[in-house]
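Undergrad: Requesting a structural model of the entry that follows:
(2 chains)
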2 protein chains.
Amino acid sequence: MSELGVTVGKRENFSEWYSQVLQKAELVDLRYNVQGFIVHRPWLMRIIRAIYRLFEEELERTGHEPVLFPLVIPEENFEREKEHVEGFKPEVFWVTEAGDERLERRLALRPTSETAFYYMYSYWIKGWRDLPLKLYQSVSVYRYEKTTRPLIRGREFLWIEAHDAFATREEALRQIREDMENSRRVIWEKLGIPFLFLRRPPWDKFMGAEDTYAADTLMPDGRVLQISSTHDLGQRFARAFDILFLDRDGEKKYVWQTCYGPGVWRIAAALIAVHGDDKGLVLPFSVAPVHVVIVPIIYRSGDREAIMGKAERLRAELEGAGYRVLIDDREERTPGWKFNDWELRGVPVRLEIGRREAEGGYVTLYRRDTGEKERVADGELVDRVRRLEGEYLRNLQERAKRFFEENIVEASTREEVEKALRERKIVKMPFCGREECAEEIKEATDGGKVRGTPLDLEEGDYGRCAWCGRPARQIVYVAKSY
Amino acid sequence: MSELGVTVGKRENFSEWYSQVLQKAELVDLRYNVQGFIVHRPWLMRIIRAIYRLFEEELERTGHEPVLFPLVIPEENFEREKEHVEGFKPEVFWVTEAGDERLERRLALRPTSETAFYYMYSYWIKGWRDLPLKLYQSVSVYRYEKTTRPLIRGREFLWIEAHDAFATREEALRQIREDMENSRRVIWEKLGIPFLFLRRPPWDKFMGAEDTYAADTLMPDGRVLQISSTHDLGQRFARAFDILFLDRDGEKKYVWQTCYGPGVWRIAAALIAVHGDDKGLVLPFSVAPVHVVIVPIIYRSGDREAIMGKAERLRAELEGAGYRVLIDDREERTPGWKFNDWELRGVPVRLEIGRREAEGGYVTLYRRDTGEKERVADGELVDRVRRLEGEYLRNLQERAKRFFEENIVEASTREEVEKALRERKIVKMPFCGREECAEEIKEATDGGKVRGTPLDLEEGDYGRCAWCGRPARQIVYVAKSY
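TA: Below you'll find the model as predicted:
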């Protein structure tokens, strides 16, 4: 148990706020003795497990099936796709020894699993009846990152990777829309985190892909964070791994592939950062390990029986309605200490039951998102919590969306771009499409990156590039990023 | 899809039967290009996920919380407990390089995580209020095994590891009972797999433990398989990792520890082997990815609408009652082919709906465990399936228990021991308790191993050792094993 709450404001010093919340809400422990590898503590693990289940449900609803591929990938698999190996090799951890022996060939800890999955896809895909093939796995991956930050960039981090193969390019492109919809349904609808879905510029795509599409959310310090991505792999890996199928027309053809990676770790980071406030976490019902905490307030021992009896009754009622409920009856802690502790951990609803509540046929209900208290008659409690669940999510969504939208600024001149990025805003601007121009922006603005074009905005005549003045064929978002 | 069913009997040639089932029911793929690492396919992953959830539920009900520790463990952590490092070092995979760099120190892929968890326990455990500490993780572990067999012995395999710390030895010993009860509730009550819970002889304990207790089930070839184990770690790791707490009496004391490992992989193997029959898998409802498969039998296109309409109605009803239902409407396959395929995959219930069923207000229900068919009136279907669920589990339990018990033979002479082990039975016998004697048995019987003593059988006077004739202070089970 942490002894003290968070001591800095989220907006004033996000970095310090984030560190304190991770530690004081007992989400992670950074003292493990391998750099960049962290310990996931129970409260975080329950949140992460819930996030996984939300995505897995959506993936399975849309025809994906779960698999588990080996952690290790032989070096030769990587070598098959030239751009991919160049992109990932500097980041790979290698297993080279086992027992007293030196292995004949190095084995990579998966940094991502294209070259494991697609090795098998050439066995599994023979004819058009085998398509589409849509498989996913929920796993940790490993990258030798120089700098790390918990839940944002790690040497070991958690994600889902879905690997899909299709008979036609059109189906593959439709999959990108489906992936976007999957992200929207979980990240926005269930978790209340707003994001932009952008097509990355060609110089910022996944190594080995034709195109990369990604969801960017906005962190409280004005930097964007990529929280999920889909790659249009075209037929590159199909050629590298000989994934051919006999089509209805009797011809052998390479499959078209996409892969989709909801960044479960980063989504947890965004959840903490976007909804959290100066008291700590604010968790949506969808992933809160505890929905309702009941705090008995007992000042005279003669009241104990009535108060605890009522606490137990209400717990049973709420659990019967499907809620996760905890009675915090720790004797060594004061009610005030418990209030702070559960607020820090982000539990959506607190019920206070003291003598007055026990005798008066009501409870005092505190909601974490607004900090408001209300009296609720015992008989109406389940209904009230059920209504509250919807109000609470809508409130989180509205607050998050307002912050997100207030921080997007349209710019049409270099000065406007510079000013907006200085103020840590996301810039929306007409853009010439040139990598040189993107490089210039980045240097001049201390890291402002062209994040890409909105998926639904066709190329067209958008006037002049806000930075260089050349003709603009596209609208892009520019922001500093993690 | 496999084209043919299993071609050998489970009892006649278990090894071949097992290989065929794994492949033809599309559970695993062994063609991945790293030896000893296998691909888990969707049907198996769904079963394994269900097994995990059963255990996780029990663990959390008894006060365990989920965590996730790093995959990699520094070599220095292993070195801290002398016996442990000697036991595991020959089996460890080592990460030695990252990117272009050689790491300063080797990192082990966790073969088991005592030395990761307990490194942190010294931070987390300070006073008696921090105890008991009961944490678990659901992960893959890595061991450089010389020979491998899918789901039984692998270089990468799936399990749960629970690591508990207590203030007293008594609590630690109670935990061993709780772990046994946890195994019983899942492995026997939910999965219908019988087992013996034995205290291993001292020469066969976990390296670093004071004592090892383990659950052994019996495979169809007469060999036993350890499917879960609990280790009484005493204070060995507490001393090695300085896990001290300030007790109520003001004294600093080392904690008492246990660790518990339900072998999820091996439990899946036992599930396949124990309940399976000559047609393939027979899955209990608790873990079947599909409870009820509906096969429409359409010979005339005019019947299609009525048959499919009924199939959809019944699916909705059964899903409403909480069952996982699939309508197999693949047009390119015959009903007979589908029957065989779902029998191979072990789906508990099949509903056949043809023209007669569509018109007659009933369905033909086939149950996988007995192979019996019956007519069920439409209005009674949900009730029938609900009753069947219990009957089916009891039938699997009874069958499995009968086989298990029939294969335990009491022996009081060397000849009886030899004969029973030749016939691939489990031998129950009085034993002198000497390692030399156990070694002799093993050599003379081509691998018969003293597996240990039943947990509830006190030491006492049990006459003479069936093997060497010396006084016997204990009863042991002896069997060939995986």
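
Undergrad: so does stretch A:32-52 get close to chain B?
TA: Yes - legend: contact between stretch A:32-52 and chain B by CB under 8 Å from any CB of the partner chain is shown at A:32-34, A:37-42, A:45-46, A:48-49. From N, CA and C alone the C-beta is placed, and that goes for glycine too.

Undergrad: oh, I was asking about stretch A:92-108
TA: Yes - using CB under 8 Å from any CB, stretch A:92-108 reaches chain B at A:92-101, A:106-107.

Undergrad: hey, which helix or strand in chain A has the poorest pLDDT?
TA: The helix or strand of chain A with the poorest confidence is helix A:82-88; it has a mean of 87 (mean pLDDT, DSSP states H and E).

Undergrad: Any regions of chain A where pLDDT drops low?
TA: Applying pLDDT under 70 to chain A flags the ranges A:1-3.

Undergrad: which residues in it form helices?
TA: A:14-24, A:42-61, A:75-79, A:82-88, A:114-124, A:169-183, A:236-240, A:264-275, A:304-320, A:335-345, A:355-360, A:381-406, A:414-422, A:435-444 (DSSP state H).

Undergrad: Mind giving me the packing neighbours of the least confident helix or strand of chain A?
TA: The elements that helix A:82-88 packs onto, with contact taken as 3 or more CB pairs under 8 Å, 6 or more residues apart in numbering or on different chains; DSSP states H and E, are helix A:75-79.

Undergrad: What helices and strands are in contact with the helix it packs on?
TA: Contact here means 3+ CB pairs under 8 Å, 6+ apart; on that basis helix A:75-79 packs against helix A:82-88, strand A:101-109, helix A:114-124.

Undergrad: For chain B, what's its nearest residue on the stretch 251-400 of chain A.
TA: residue A:332 (7.1 Å; CB to the nearest CB).

Undergrad: Is it correct that that residue is in contact with residue B:129?
TA: Yes - contact criterion CB atoms under 8 Å: residue A:332 and residue B:129 qualify, at 7.1 Å.

Undergrad: Give me the distance between residue A:241 and chain B.
TA: To chain B, residue A:241 is 12 Å away according to CB to the nearest CB, to the nearest Å.

Undergrad: check contacts around the nearest residue in space to that residue that is not next to it in sequence.
TA: In this structure, residue A:241 finds its nearest non-sequential neighbour in residue A:118, 4.2 Å apart by CB to CB, 6 or more residues apart in numbering or on different chains. Residue A:118 is in contact with A:163, A:237-238, A:240-241, A:243, A:257, counting by CB atoms under 8 Å, 6 or more residues apart in numbering or on different chains.

Undergrad: and if you look at residue A:12?
TA: With CB under 8 Å, 6+ apart, residue A:12 has no contacts at all.

Undergrad: residues near residue A:128, how many?
TA: Burial of residue A:128 is recorded as 14 neighbouring residues (other CB atoms under 10 Å in any protein chain shown).

Undergrad: Would you mind measuring from it to residue B:332?
TA: According to CB to CB, to the nearest Å, residue A:128 and residue B:332 sit 11 Å apart.

Undergrad: quick one, what contacts residue A:133?
TA: A:121, A:124-125, A:164-165.

Undergrad: same deal with residue A:234?
TA: So residue A:234 contacts A:169, A:172, A:209-210, A:256-257 (CB under 8 Å, 6+ apart).

Undergrad: swap in residue A:98?
TA: Applying CB under 8 Å, 6+ apart, we find residue A:98 in contact with B:92-94, B:144.

Undergrad: would you turn those residues into TSV with distance to residue B:230 and neighbour count?
TA: Formatted as TSV, those follow (distance: CB to CB, whole Å; neighbours: other CB atoms under 10 Å in any protein chain shown):
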residue	distance to residue B:230	neighbour count
B:92	23	23
B:93	26	25
B:94	28	24
B:144	25	19
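
Undergrad: Can you pick out the most distant pair from those?
TA: Using CB to CB, the contacts of residue A:98 reach their maximum pairwise distance at B:94 and B:144, which is 9.5 Å.

Undergrad: Residue of the stretch 151-300 of chain A closest to chain B, please.
TA: Closest to chain B within the stretch 151-300 of chain A is residue A:156: 5.8 Å, counting by CB to the nearest CB.

Undergrad: Was I right to think residue A:455 contacts residue A:200?
TA: No - assessed by CB under 8 Å, residue A:455 is found out of contact with residue A:200, at 10.9 Å.

Undergrad: With neighbour numbers in mind, choose between the two.
TA: Using other CB under 10 Å, the more surrounded residue of residue A:455 and residue A:200 is residue A:200, with 22 against 13.

Undergrad: Do me a favour and get the backbone dihedrals for that one.
TA: Reported as degrees, to the nearest 10, the phi and psi values for residue A:200 are phi -70, psi 150.

Undergrad: so it makes contact with residue A:216?
TA: No - Residue A:200 is beyond contact range of residue A:216, at 9.7 Å (criterion: CB under 8 Å).

Undergrad: picking up where we left off before, what's the most distant pair in the residues of stretch A:92-108 next to chain B?
TA: Based on CB to CB, the longest span within these runs between A:92 and A:100 and measures 23.8 Å.

Undergrad: Get me the contact residues on the stretch 251-400 of chain A for chain B.
TA: Residues of the stretch 251-400 of chain A lying close to chain B by CB under 8 Å from any CB are residue A:332.

Undergrad: Likewise for the stretch 51-200 of chain A?
TA: A:65-74, A:76-77, A:89-101, A:106-107, A:109, A:116, A:119-120, A:123-124, A:129, A:135, A:140, A:142, A:144, A:156, A:158.

Undergrad: and if we set it to 6 Å?
TA: In this structure, the stretch 51-200 of chain A approaches chain B at residues A:65-70, A:72, A:74, A:90, A:93-99, A:120, A:123, A:144, A:156, judged by CB under 6 Å from any CB of the partner chain.

Undergrad: And stretch A:209-225, how far out from the chain middle?
TA: Relative to its chain's centre, stretch A:209-225 lies at 11 Å (CA atoms, centre = their mean, to the nearest Å).

Undergrad: Stretch A:74-90: which residues count as buried?
TA: For stretch A:74-90, burial by neighbour count (16 or more other CB atoms under 10 Å in any protein chain shown) applies to A:74, A:77-78, A:80-81, A:84-85, A:87-89.
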